[in-house]
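Please find the sequence and the predicted model below.
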Amino acid sequence: MQLIDLPVPDSAAAVAAREVAAQYCSTALLNHSVRAYLWGVWYARDQGIVVDEELLYVAAMLHDLGLVDAFDSHRVDFEYAGGHVAWVFAAGAGWPVRRRERAAEIIVAHMLAEVDPAIDPEGHVLEVSTGIDISGRSIAVPSGLRAEVLEAYPRAGLAQEFTACFADQAARKPASTAAAAMRSGLAERIATNPLDAEE
């Protein structure tokens, strides 16, 4: 499978979600969001998981907005803050209430240790794909596809930026999932992510 084989939604909501991500995210976080979608849609197809690609794309574009200054919450875990942003975004896009809720649920789910694909296929896929991109989760993305995606969407210092973001979240919100991830050795996993060695 090649990069050209991975469908990128071009609905008004999808285009607007990418614009929002580009406005508020650094290059590293924006490219991470794009890669999270691409690894995810590849994984879904490889595993025969049927996903709503527009919904997955919008969630992927918005899933880390809770880490950026404009949307950071001192009271709420970053994934919940991002989920709230997604709900508001989806309302503005004219999505029905249940679809708005799904966008938020997928973003929250990406920080869970495991998501059942039979219950939440998009949440499962985003949980897996962000794990691939952030900590080098051991999923065998074909080498040719990896090279194409990394060339098109470079990591741009993501390891350092993301580690700093999570360290900050952990310090301010010690009961958060970000803090739990840091306590479990996330910084070390990020530092040894094989994707960084492939650029």
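Ah, there it is. Numbering: from 1, shown residues only.

report the longest helix in this protein, please.
As assigned by DSSP state H, the longest helix anywhere in the chain is helix 27-47.

Provide a list of residue ranges in this structure with pLDDT below threshold.
Within the chain, the ranges that satisfy pLDDT under 70 run 199.

The same query, at a cut-off of 80, please.
In the predicted model of the chain, residues 138-139, 198-199 satisfy pLDDT under 80.

can you give me the helices in it?
Listed in chain order, the helices of the chain (DSSP H) span 12-24, 27-47, 53-62, 78-92, 97-109, 121-135, 143-152, 158-172, 177-183, 186-191, 194-197.

rewinding a little: buried ones in the longest helix of the chain, by neighbour count?
28-44 (16 or more other Cβ atoms under 10 Å). C-betas here are computed from N, CA, C, even on glycine.

Please save the CA atoms from stretch 185-194 in PDB.
What follows is stretch 185-194, C-alpha atoms only, in PDB (Å, rounded to 0.1, in the frame of the first residue of the first chain):
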ATOM      1  CA  GLY A 185       7.900   5.500  31.000                       C
ATOM      2  CA  LEU A 186       6.400   7.400  28.100                       C
ATOM      3  CA  ALA A 187       9.400   9.800  27.900                       C
ATOM      4  CA  GLU A 188      11.800   6.800  27.400                       C
ATOM      5  CA  ARG A 189       9.500   5.200  24.800                       C
ATOM      6  CA  ILE A 190       9.300   8.500  22.900                       C
ATOM      7  CA  ALA A 191      13.100   8.900  23.000                       C
ATOM      8  CA  THR A 192      13.500   5.500  21.400                       C
ATOM      9  CA  ASN A 193      10.700   5.600  18.800                       C
ATOM     10  CA  PRO A 194      12.200   4.000  15.700                       C
END
